[in-house]
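> Quick one, fold the following:
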Amino acid sequence: MDTWHKIRHQRITARTESNIKAKTMSQQTDTCQCGGIVVEFESDDITDSRTTKARNIPGSALIYLKGPKFLIYVSGALSMWGDRMWHFAISVFLIELYGHNLLLTAVFGLVLAGSVLLLGALIGDWVDRNPRNK
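As a prediction, the model looks like this:
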């Protein structure tokens, strides 16, 4: 009985080792050298995982998310969010500075809005007249 258990254990370990080797070989890419050029063949496991990931997101949505238009929108949104956060922080600082009164914050907002109203068109015309790339 003892030798039978040893033989059975050896057969089971040999099977599991061959299964592990087969799985690792199927997960790796096969390479072949043809005339100085290395050609890689992907295994079925890798291509199957890529196709299942691609099937979860529709093709047009994936193309849009990787495109420059979406990146410009995200960049603009993050820039505006950061700008609004600074305006909020300055307002809170001015409230604390003036003794829990909104007068200094209101004057800051009025000066900021008035400068944009008065100087926005002048600065915009100056930017349009001058070349941007020198």
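> and the helix or strand where Asp125 lies, which residues are buried?
Applying DSSP states H and E as the criterion places Asp125 in helix 103-129. The neighbour-count check on helix 103-129 (16 or more other C-beta atoms under 10 Å) flags Leu104, Thr105 as buried. For the C-beta atoms, the positions are set from N, CA and C on the backbone; glycine is no exception.
> Please work out the average pLDDT along that helix.
Averaging pLDDT along helix 103-129 gives 94.
> likewise stretch 63-77?
The model assigns stretch 63-77 a mean pLDDT of 91.
> separation between Pro131 and Gly120?
Distance of Pro131 to Gly120, computed by C-beta to C-beta, to the nearest Å: 21 Å.
> actually Tyr64, not the one I typed
Tyr64 is 33 Å from Gly120, by C-beta to C-beta.
> now do Pro68
28 Å.
> where along the chain do the strands fall?
30-34, 37-41 (DSSP state E).
> residues making contact with stretch 79-97?
The contact list for stretch 79-97, computed with C-beta atoms under 8 Å, 6 or more residues apart in numbering, reads Asn101, Leu102, Leu104, Thr105, Phe108, Gly109.
> Of those, which is the nearest to Tyr73?
Lowest distance from Tyr73 to those (C-beta to C-beta) belongs to Gly109, with 27.7 Å.
> For the closest residue to the closest one other than its chain neighbours, report the pLDDT, please.
Closest residue in space to Gly109, ignoring its immediate chain neighbours: Ser91 at 7.7 Å, by C-beta to C-beta, 6 or more residues apart in numbering. What the model reports for Ser91 is a pLDDT of 90.
> Could you count how many residues lie near Ser91?
Residues lying near Ser91 (other C-beta atoms under 10 Å) number 16.
> ok, now how distant is it from Leu110?
Computed as C-beta to C-beta, the Ser91 to Leu110 distance reads 12 Å.
> need the helices for the chain, in chain order.
Under the criterion DSSP state H, the chain carries helices at the ranges 2-27, 44-56, 59-66, 68-97, 103-129.
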